[in-house]
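Student: below is the sequence, then the predicted model.
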Amino acid sequence: MFDRAESACAKLCERTDFVPEIAIVLGSGLGDAVDLDEEFSIGYDELGLPGSTVHGHRGRMVFGRLSGKKVAVLQGRVHFYEGHSSATAVLPVRVAALAGAKTVILTNAAGGIAPDFECGDIMAIRDHICLAPNPLIGPNDDRFGPRFPDMTAPYDPELIEVAKRAAQRCGFELKEGVYIQFTGPSFETAAEVKMAGILGADAVGMSTAIETIALRHMGVRVMGLSFISNKACGLAGKPLSHEDVNRESERVVRKMRALLAEIVGDIQ
Ligand code: HPA
(Lines give C-alpha, C1' and ligand atoms only; values in the text may rest on other atoms or scores of the structure.)
Protein backbone atom coordinates (compact mmCIF):
# COMPACT_ATOMS: atom_id res chain seq x y z
CA MET A 1 0.00 0.00 0.00
CA PHE A 2 2.87 2.38 0.73
CA ASP A 3 4.14 1.91 -2.82
CA ARG A 4 0.70 2.65 -4.24
CA ALA A 5 0.36 5.79 -2.10
CA GLU A 6 3.89 6.88 -2.95
CA SER A 7 3.33 6.34 -6.67
CA ALA A 8 0.12 8.44 -6.49
CA CYS A 9 2.08 11.12 -4.68
CA ALA A 10 4.83 10.98 -7.33
CA LYS A 11 2.22 11.40 -10.11
CA LEU A 12 0.87 14.39 -8.23
CA CYS A 13 4.32 15.95 -7.83
CA GLU A 14 4.94 15.55 -11.58
CA ARG A 15 1.89 17.71 -12.23
CA THR A 16 2.21 20.35 -9.50
CA ASP A 17 4.73 21.65 -6.99
CA PHE A 18 1.93 22.83 -4.70
CA VAL A 19 2.57 21.58 -1.14
CA PRO A 20 -0.59 21.70 1.01
CA GLU A 21 -0.30 22.44 4.75
CA ILE A 22 -3.86 21.30 5.41
CA ALA A 23 -6.14 18.79 3.68
CA ILE A 24 -9.93 18.80 3.93
CA VAL A 25 -12.04 15.78 3.03
CA LEU A 26 -15.56 16.73 2.00
CA GLY A 27 -18.22 14.13 2.76
CA SER A 28 -21.62 13.33 1.27
CA GLY A 29 -23.17 16.32 -0.45
CA LEU A 30 -20.54 18.66 0.98
CA GLY A 31 -18.48 18.82 -2.24
CA ASP A 32 -18.90 22.61 -2.44
CA ALA A 33 -18.25 23.36 1.22
CA VAL A 34 -14.92 25.07 0.55
CA ASP A 35 -14.45 28.36 -1.27
CA LEU A 36 -10.99 27.65 -2.58
CA ASP A 37 -8.88 29.95 -4.70
CA GLU A 38 -8.26 27.03 -7.02
CA GLU A 39 -4.80 26.60 -8.54
CA PHE A 40 -4.85 22.99 -9.67
CA SER A 41 -7.10 19.93 -9.62
CA ILE A 42 -6.68 16.26 -10.46
CA GLY A 43 -9.00 13.23 -10.51
CA TYR A 44 -8.35 10.27 -8.19
CA ASP A 45 -8.28 8.10 -11.35
CA GLU A 46 -5.33 10.10 -12.74
CA LEU A 47 -3.42 9.27 -9.56
CA GLY A 48 -4.22 5.56 -9.83
CA LEU A 49 -6.63 5.84 -6.89
CA PRO A 50 -10.08 4.27 -6.95
CA GLY A 51 -12.86 6.70 -7.91
CA SER A 52 -15.99 7.02 -5.82
CA THR A 53 -19.13 5.28 -7.09
CA VAL A 54 -21.43 7.18 -4.74
CA HIS A 55 -23.70 10.01 -5.85
CA GLY A 56 -22.62 13.19 -4.04
CA HIS A 57 -18.92 12.18 -4.05
CA ARG A 58 -16.83 13.51 -6.95
CA GLY A 59 -13.44 11.86 -6.56
CA ARG A 60 -10.89 14.61 -7.21
CA MET A 61 -8.29 16.64 -5.34
CA VAL A 62 -8.32 20.40 -5.63
CA PHE A 63 -5.40 22.57 -4.53
CA GLY A 64 -5.47 26.25 -3.69
CA ARG A 65 -5.61 28.87 -0.96
CA LEU A 66 -8.21 29.22 1.75
CA SER A 67 -7.94 31.91 4.42
CA GLY A 68 -4.31 32.43 3.45
CA LYS A 69 -3.33 28.76 3.90
CA LYS A 70 -2.27 26.24 1.27
CA VAL A 71 -5.01 23.64 1.22
CA ALA A 72 -5.82 20.39 -0.58
CA VAL A 73 -9.51 19.59 -0.79
CA LEU A 74 -10.50 15.98 -1.36
CA GLN A 75 -13.90 16.18 -2.99
CA GLY A 76 -15.48 12.86 -2.23
CA ARG A 77 -14.13 9.68 -0.73
CA VAL A 78 -14.13 5.96 -1.34
CA HIS A 79 -15.81 3.74 1.20
CA PHE A 80 -15.32 0.26 2.57
CA TYR A 81 -18.88 -0.59 1.51
CA GLU A 82 -18.02 0.07 -2.16
CA GLY A 83 -16.04 -3.15 -2.05
CA HIS A 84 -12.59 -1.74 -1.28
CA SER A 85 -10.61 -2.94 1.70
CA SER A 86 -10.29 -0.41 4.51
CA ALA A 87 -6.61 -0.08 3.58
CA THR A 88 -7.59 0.93 0.01
CA ALA A 89 -10.39 3.23 1.13
CA VAL A 90 -7.93 5.36 3.14
CA LEU A 91 -5.45 5.79 0.24
CA PRO A 92 -6.61 9.31 -0.74
CA VAL A 93 -6.01 10.69 2.77
CA ARG A 94 -2.68 8.89 2.95
CA VAL A 95 -1.67 10.53 -0.35
CA ALA A 96 -2.69 13.97 0.97
CA ALA A 97 -0.48 13.35 4.01
CA LEU A 98 2.46 12.17 1.89
CA ALA A 99 2.01 15.28 -0.27
CA GLY A 100 2.68 17.41 2.80
CA ALA A 101 -0.54 17.93 4.77
CA LYS A 102 0.28 17.98 8.50
CA THR A 103 -3.34 18.54 9.49
CA VAL A 104 -6.39 16.88 7.97
CA ILE A 105 -9.98 17.95 8.52
CA LEU A 106 -12.40 15.09 7.89
CA THR A 107 -16.03 16.03 7.28
CA ASN A 108 -18.98 13.72 6.91
CA ALA A 109 -22.74 13.48 6.99
CA ALA A 110 -23.93 11.47 9.98
CA GLY A 111 -27.10 10.33 11.68
CA GLY A 112 -27.73 11.97 15.03
CA ILE A 113 -28.08 9.69 18.04
CA ALA A 114 -27.65 12.13 20.96
CA PRO A 115 -31.15 13.32 21.94
CA ASP A 116 -30.20 17.01 21.81
CA PHE A 117 -28.85 16.83 18.24
CA GLU A 118 -30.98 18.45 15.53
CA CYS A 119 -30.67 18.13 11.76
CA GLY A 120 -28.25 20.79 10.54
CA ASP A 121 -26.10 20.67 13.69
CA ILE A 122 -22.35 20.23 13.30
CA MET A 123 -20.50 18.02 15.77
CA ALA A 124 -16.77 18.08 16.43
CA ILE A 125 -15.72 14.46 16.80
CA ARG A 126 -14.06 13.94 20.20
CA ASP A 127 -13.52 10.20 19.83
CA HIS A 128 -14.76 7.30 17.78
CA ILE A 129 -15.88 3.69 17.89
CA CYS A 130 -14.80 1.84 14.77
CA LEU A 131 -16.95 -1.14 13.78
CA ALA A 132 -15.45 -1.32 10.28
CA PRO A 133 -12.28 -3.38 9.69
CA ASN A 134 -9.15 -1.56 10.84
CA PRO A 135 -7.19 -0.19 7.83
CA LEU A 136 -3.89 -1.22 9.46
CA ILE A 137 -4.72 -4.94 9.36
CA GLY A 138 -1.96 -6.78 7.47
CA PRO A 139 1.80 -6.46 7.60
CA ASN A 140 2.82 -3.07 8.98
CA ASP A 141 4.76 -0.76 6.69
CA ASP A 142 7.08 1.21 8.95
CA ARG A 143 7.34 3.93 6.29
CA PHE A 144 3.75 4.86 7.18
CA GLY A 145 4.14 4.50 10.94
CA PRO A 146 4.40 2.10 13.89
CA ARG A 147 2.68 -1.27 14.23
CA PHE A 148 0.65 -0.18 17.28
CA PRO A 149 -0.23 3.52 17.00
CA ASP A 150 -1.55 5.22 20.13
CA MET A 151 -5.21 6.29 19.95
CA THR A 152 -5.55 8.20 23.24
CA ALA A 153 -6.56 11.47 21.58
CA PRO A 154 -7.12 10.69 17.89
CA TYR A 155 -8.96 13.99 17.32
CA ASP A 156 -6.56 16.76 18.32
CA PRO A 157 -8.01 18.46 21.46
CA GLU A 158 -6.46 21.83 20.52
CA LEU A 159 -8.11 21.69 17.12
CA ILE A 160 -11.48 21.00 18.77
CA GLU A 161 -11.04 24.23 20.75
CA VAL A 162 -10.11 26.07 17.54
CA ALA A 163 -13.29 24.73 15.92
CA LYS A 164 -15.47 25.73 18.88
CA ARG A 165 -14.19 29.30 18.83
CA ALA A 166 -14.62 29.42 15.03
CA ALA A 167 -18.25 28.25 15.34
CA GLN A 168 -18.92 30.95 17.95
CA ARG A 169 -17.66 33.57 15.52
CA CYS A 170 -19.96 32.07 12.86
CA GLY A 171 -22.87 32.45 15.27
CA PHE A 172 -23.68 28.88 16.24
CA GLU A 173 -22.78 26.37 18.91
CA LEU A 174 -20.58 23.48 17.81
CA LYS A 175 -21.72 20.17 19.28
CA GLU A 176 -19.11 17.67 20.43
CA GLY A 177 -19.35 13.91 20.67
CA VAL A 178 -18.41 10.37 19.76
CA TYR A 179 -18.73 9.11 16.17
CA ILE A 180 -19.42 5.46 15.49
CA GLN A 181 -18.57 3.94 12.11
CA PHE A 182 -20.67 1.06 10.82
CA THR A 183 -19.71 -0.52 7.51
CA GLY A 184 -22.95 0.36 5.70
CA PRO A 185 -24.18 0.51 3.01
CA SER A 186 -27.55 -0.33 4.55
CA PHE A 187 -28.46 2.22 7.17
CA GLU A 188 -28.39 0.86 10.70
CA THR A 189 -31.43 -0.81 12.24
CA ALA A 190 -33.23 0.87 15.12
CA ALA A 191 -31.78 -1.81 17.42
CA GLU A 192 -28.23 -1.08 16.22
CA VAL A 193 -28.75 2.64 16.79
CA LYS A 194 -30.04 1.90 20.31
CA MET A 195 -26.94 -0.25 20.93
CA ALA A 196 -24.66 2.51 19.59
CA GLY A 197 -26.26 4.99 22.00
CA ILE A 198 -25.70 2.64 24.93
CA LEU A 199 -22.05 2.25 23.84
CA GLY A 200 -21.61 6.02 24.05
CA ALA A 201 -22.00 7.12 20.43
CA ASP A 202 -23.58 10.47 19.57
CA ALA A 203 -23.54 10.24 15.76
CA VAL A 204 -23.30 7.40 13.24
CA GLY A 205 -21.71 7.22 9.80
CA MET A 206 -19.90 5.01 7.32
CA SER A 207 -16.52 6.63 6.69
CA THR A 208 -14.39 8.67 8.99
CA ALA A 209 -12.97 6.44 11.74
CA ILE A 210 -10.82 4.35 9.39
CA GLU A 211 -9.35 7.52 7.86
CA THR A 212 -8.50 8.85 11.30
CA ILE A 213 -6.73 5.59 12.17
CA ALA A 214 -4.64 5.74 8.97
CA LEU A 215 -3.74 9.40 9.54
CA ARG A 216 -2.82 8.93 13.20
CA HIS A 217 -0.66 6.00 12.02
CA MET A 218 1.24 8.62 9.97
CA GLY A 219 1.40 11.13 12.83
CA VAL A 220 -0.98 13.57 11.14
CA ARG A 221 -3.19 15.88 13.26
CA VAL A 222 -6.87 15.14 12.71
CA MET A 223 -10.04 17.14 13.15
CA GLY A 224 -13.41 15.49 12.50
CA LEU A 225 -16.61 17.39 11.76
CA SER A 226 -19.91 15.54 11.41
CA PHE A 227 -22.87 17.39 10.10
CA ILE A 228 -26.10 15.86 11.33
CA SER A 229 -28.13 15.17 8.18
CA ASN A 230 -30.85 13.12 9.85
CA LYS A 231 -31.87 11.58 13.12
CA ALA A 232 -30.53 8.02 13.12
CA CYS A 233 -32.87 5.13 12.34
CA GLY A 234 -35.68 4.71 14.82
CA LEU A 235 -35.33 8.22 16.26
CA ALA A 236 -37.22 10.19 13.61
CA GLY A 237 -40.23 7.99 12.96
CA LYS A 238 -39.64 7.87 9.20
CA PRO A 239 -37.49 5.79 6.81
CA LEU A 240 -34.01 7.08 5.81
CA SER A 241 -32.74 7.68 2.29
CA HIS A 242 -29.48 8.86 0.74
CA GLU A 243 -31.47 11.55 -1.11
CA ASP A 244 -32.60 12.97 2.24
CA VAL A 245 -28.95 13.05 3.38
CA ASN A 246 -27.88 14.94 0.23
CA ARG A 247 -30.82 17.35 0.45
CA GLU A 248 -29.94 18.23 4.05
CA SER A 249 -26.27 18.66 3.02
CA GLU A 250 -27.28 21.30 0.51
CA ARG A 251 -29.01 23.19 3.32
CA VAL A 252 -25.98 23.02 5.61
CA VAL A 253 -23.26 23.60 3.04
CA ARG A 254 -23.10 27.37 3.69
CA LYS A 255 -22.73 26.85 7.43
CA MET A 256 -19.94 24.30 6.87
CA ARG A 257 -18.25 26.62 4.35
CA ALA A 258 -18.14 29.50 6.83
CA LEU A 259 -16.90 27.23 9.62
CA LEU A 260 -14.12 25.66 7.53
CA ALA A 261 -12.86 29.04 6.36
CA GLU A 262 -12.67 30.28 9.98
CA ILE A 263 -11.01 27.11 11.23
CA VAL A 264 -8.38 27.01 8.49
CA GLY A 265 -7.51 30.67 9.15
CA ASP A 266 -6.85 29.78 12.80
CA ILE A 267 -4.83 26.59 12.38
CA GLN A 268 -1.18 27.09 13.26
N1 HPA B 1 -26.29 6.35 9.28
C2 HPA B 1 -25.11 6.11 8.68
N3 HPA B 1 -24.52 6.97 7.87
C4 HPA B 1 -25.14 8.14 7.65
C5 HPA B 1 -26.37 8.45 8.23
C6 HPA B 1 -26.97 7.51 9.11
O7 HPA B 1 -28.07 7.72 9.66
N8 HPA B 1 -26.71 9.70 7.81
C9 HPA B 1 -25.71 10.10 6.99
N10 HPA B 1 -24.76 9.17 6.89
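Tutor: Great, that's in hand.
Student: can you pull the pLDDT of residue 41?
Tutor: Listed pLDDT for residue 41 reads 93.
Student: ok, now which ones touch the residue lying closest to it once chain neighbours are set aside?
Tutor: Among residues not flanking residue 41 along the chain, residue 62 sits closest, at 4.3 Å (C-beta to C-beta, 6 or more residues apart in numbering). Every C-beta, even on glycine, is put in place using the N, C-alpha and C of the backbone. With C-beta atoms under 8 Å, 6 or more residues apart in numbering as the criterion, the residues that contact residue 62 are 36, 38, 40, 41, 72, 73, 75.
Student: what strand or helix carries residue 62?
Tutor: strand 60-66 (DSSP states H and E).
Student: returning to that earlier point: show me which of the contacts of residue 62 is closest to the ligand.
Tutor: Comparing the contacts of residue 62 against the ligand with C-beta to the nearest ligand atom places residue 75 closest, at 17.2 Å.
Student: ok, and the closest non-adjacent residue to that closest one?
Tutor: Nearest to residue 75 is residue 58, by C-beta to C-beta, 6+ apart, at 4.3 Å.
Student: specify the local secondary structure of that neighbour.
Tutor: Classification of residue 58 by DSSP: H, G, I helix; E, B strand; the rest coil places it in coil.
Student: repeat for residue 151
Tutor: Strictly by three-state DSSP, residue 151 counts as coil.
Student: find the residue closest to it in space, skipping its chain neighbours.
Tutor: residue 216 (6.4 Å).
Student: same check, this time on residue 7
Tutor: residue 48 (6.3 Å).
Student: that neighbour touches residue 6, doesn't it?
Tutor: No - counting by C-beta atoms under 8 Å, residue 48 stays clear of residue 6, with 10.8 Å between them.
Student: quick revisit: now list the buried members of the contacts of residue 62.
Tutor: 36, 41, 72, 73, 75 (16 or more other C-beta atoms under 10 Å).
Student: note down every partner strand of whatever helix or strand residue 107 lives in and its orientation.
Tutor: Per DSSP H and E: residue 107 is located in strand 103-112. Using DSSP bridges, strand 103-112 pairs in its sheet with strand 22-26 (parallel), strand 203-205 (antiparallel), strand 221-231 (parallel).
Student: got the angle between the first one and strand 60-66?
Tutor: Going back to what we said before, that points to strand 22-26. Here strand 22-26 runs at an angle of 130 degrees relative to strand 60-66 (axes from the mean of the first three to the mean of the last three C-alpha atoms, to 10 degrees).
Student: what pairs with the very next helix or strand once past strand 22-26, parallel or antiparallel?
Tutor: Downstream of strand 22-26, the first helix or strand assigned by DSSP H and E is strand 37-43. Within its sheet, strand 37-43 is paired with strand 60-66 (antiparallel), according to DSSP bridges.
Student: appreciated, that's everything.
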